[in-house]
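Student: fold the following.
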Amino acid sequence: MPLTDPSDGQLPPQEPVAAAQGAGEGSAEALDGHPGRPGPAEGAVPPEPEPTLPEPVRQRIVALTAAVLPGLPLDEVPVPLRRVAKFAPNRRARLGAPMIAAQLTADPLFRQRVTARVVTDAGDLGAAVVEGTAPAAADPVEVAALAYLARPRGWRELIEASGAAVRAEADSAVVAELVREAEQRATRAEHDRAVARVEAEKLRDELARVREELGQLREEARQLNRTLRETQARERKAAELLATERGRAARATADTEAELRRARARLAEAEAAAGVARASAKEARSVDDARLWLLLETIGQAAVGLRRELALDPVERLPADFVADAFADNPAGATGPAARARDTDDPARLDQLLALPRAHLVVDGYNVTKRGFGEMSLEQQRKRLIAGLGGIAAQTSDEVTVVFDGAERMHGLPPAPRGVRVLFSRKGETADELIRRLVRAEPAGRPVVVVSSDREVADGVRRHGAYPLGADSLLRRLSRS
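Tutor: Residues are numbered from 1 along each chain as shown. Reported below is the predicted structural model:
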């Protein structure tokens, strides 16, 4: 096939091919050492058409040219190939093949320059091809490619020999493939025969087993027939025994019904006795209620008498006020431990505890605010919590104390609502320790509710008799206000 394949998008060479043919012959003579042969300028020999190149030969010619293309001086490279010369080696032969083939065909001088470098790189093989001979051990494709570029005497025969060798190799490959396929079919056939033999053996074994099982089934059928006859005889005996047992069961049923009637009579007597016992218990409970009322009345009067005897006046200061006075001079501190506990968060439980008489609500301030509205500034958090606690104090009339950690005295705080006490921990102590001091200051028996989600705070105040609740319970209670 021609060097420029129509599939590469190049027009088939016409007159330039003839010029290239003549120029190629002249360059070949220069490399070959035969200058006496007339060239195209003399017009002695008409140009011959380009030979048909096998595809491997055409690809090898393009690859050889692409390999030496970057080594040529820029002025020796045709203008269409200067951009191709800058391609990467793996792309040069693949993308520039059409232009390289066209220039080799149309530009004899360019082909002569490429030939000089290719023959030099080929070494002994290139020298042999220029001499018009081809070593027997040489690759026919390589020989044909060098012959096309150098074009010594007999180069067309070398190309034809290469094409014949390539076709012979292709035919050999086809024959080898056919032989390999035949061998594979023979192997598969042998395997199928072996599988068929194994299957036949299995079927014979299965037939023998089925026959053996058939004999066993026949023997089992005879045994089952004997068993059936024996079972029918036992059935007849069982029917006779059943009739006898039915008579006995009828008599036992009559006896049971009589016993049931007697049990019902005894049950009626027991229910009557239970009614009498319930009436007695009710009367006894009334007596106990009267005793309990009398005892409570006596305790109340004794408490009034004790207050009168001790001359106790109504107090204006509560236990938490004394703890607050101890912290009023230096209200500073450090941040308490991170919240790690989660006690009950049910606001109904908080309402139940605040409904107890004289309850004291102690709130871990920042633990609640950072959990409920941590996006605000600390000042806004304190104001919002104190305002909400003022509403709870007004609704329940309970004592309310809120404790904050403080590194320095807070200025600009709004006045605390009625019934709400605001404390800041002093330097060297945390709000958790101040809360525990407040709980320990309360008398035993007074309901103290501590709101904090800190596990250490909850465990500490629980040991002193307080009721710990989670911060969410207070936040939900505040959201309802």
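Student: next, residue 468: phi, psi?
Tutor: Residue 468 has phi and psi values of phi -80, psi 140 when expressed as degrees, to the nearest 10.
Student: host element of residue 422?
Tutor: strand 420-424 (DSSP states H and E).
Student: the helix or strand following that strand - contacts with which helices or strands?
Tutor: Going down the chain from strand 420-424, the next helix or strand is helix 431-441, by DSSP H and E. Helix 431-441 sits against helix 319-328, strand 360-364, helix 365-373, strand 399-404, strand 448-451, helix 455-463, with contacts defined as 3 or more Cβ pairs under 8 Å, 6 or more residues apart in numbering; DSSP states H and E. No exception for glycine: its C-beta is placed from N, CA and C like everyone else's.
Student: can you list these in JSON lines and add distance to residue 301?
Tutor: JSON lines is the format used below for those (distance: least, Cβ to Cβ, whole Å):
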{"stretch": "helix 319-328", "distance to residue 301": "27"}
{"stretch": "strand 360-364", "distance to residue 301": "27"}
{"stretch": "helix 365-373", "distance to residue 301": "43"}
{"stretch": "strand 399-404", "distance to residue 301": "28"}
{"stretch": "strand 448-451", "distance to residue 301": "28"}
{"stretch": "helix 455-463", "distance to residue 301": "35"}
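Student: can I get the ones you listed in JSON lines with mean pLDDT?
Tutor: Below are the helices and strands packed on helix 431-441 laid out as JSON lines (pLDDT from 0 to 100):
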{"stretch": "helix 319-328", "mean pLDDT": "61"}
{"stretch": "strand 360-364", "mean pLDDT": "95"}
{"stretch": "helix 365-373", "mean pLDDT": "92"}
{"stretch": "strand 399-404", "mean pLDDT": "94"}
{"stretch": "strand 448-451", "mean pLDDT": "95"}
{"stretch": "helix 455-463", "mean pLDDT": "91"}
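Student: tell me what the strand holding residue 422 is packed against?
Tutor: helix 319-328, helix 378-396, strand 399-404.
Student: so which of the helices and strands packed on helix 431-441 is nearest residue 102?
Tutor: helix 365-373 (80.8 Å; Cβ to Cβ).
Student: and that closest one with strand 399-404, angle?
Tutor: Relative orientation of helix 365-373 and strand 399-404, computed by axes from the mean of the first three to the mean of the last three Cα atoms, to 10 degrees: 90 degrees.
Student: contacts for helix 365-373, please.
Tutor: 336, 339, 376, 378, 380-382, 384-385, 402-405, 431, 451-454, 457, 471-472, 474-475, 478 (Cβ atoms under 8 Å, 6 or more residues apart in numbering).
Student: can we see that at 6 Å?
Tutor: 339, 381, 385, 402-405, 452-454, 471, 474-475 (Cβ atoms under 6 Å, 6 or more residues apart in numbering).
Student: can I get the CA coordinates of that helix in CSV?
Tutor: Extracted in CSV, the C-alpha atoms of helix 365-373 (Å, rounded to 0.1, in the frame of the first residue of the first chain):
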residue,chain,number,x,y,z
GLY,A,365,-26.4,29.8,86.7
TYR,A,366,-23.9,29.4,83.8
ASN,A,367,-24.6,25.6,83.6
VAL,A,368,-28.3,26.5,82.8
THR,A,369,-27.7,29.5,80.5
LYS,A,370,-24.9,28.0,78.3
ARG,A,371,-27.2,25.0,77.8
GLY,A,372,-30.3,27.0,77.0
PHE,A,373,-29.1,30.2,75.3
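Student: list the buried residues for it?
Tutor: 365, 366, 367, 368, 369, 370, 371, 372 (16 or more other Cβ atoms under 10 Å).
Student: just the closest of those to residue 203, please.
Tutor: residue 371 (80.0 Å).
Student: shaky segments in the protein?
Tutor: For the chain, applying pLDDT under 70 flags the ranges 1-48, 291, 294, 307-309, 311-317, 320-344, 407-413, 481.
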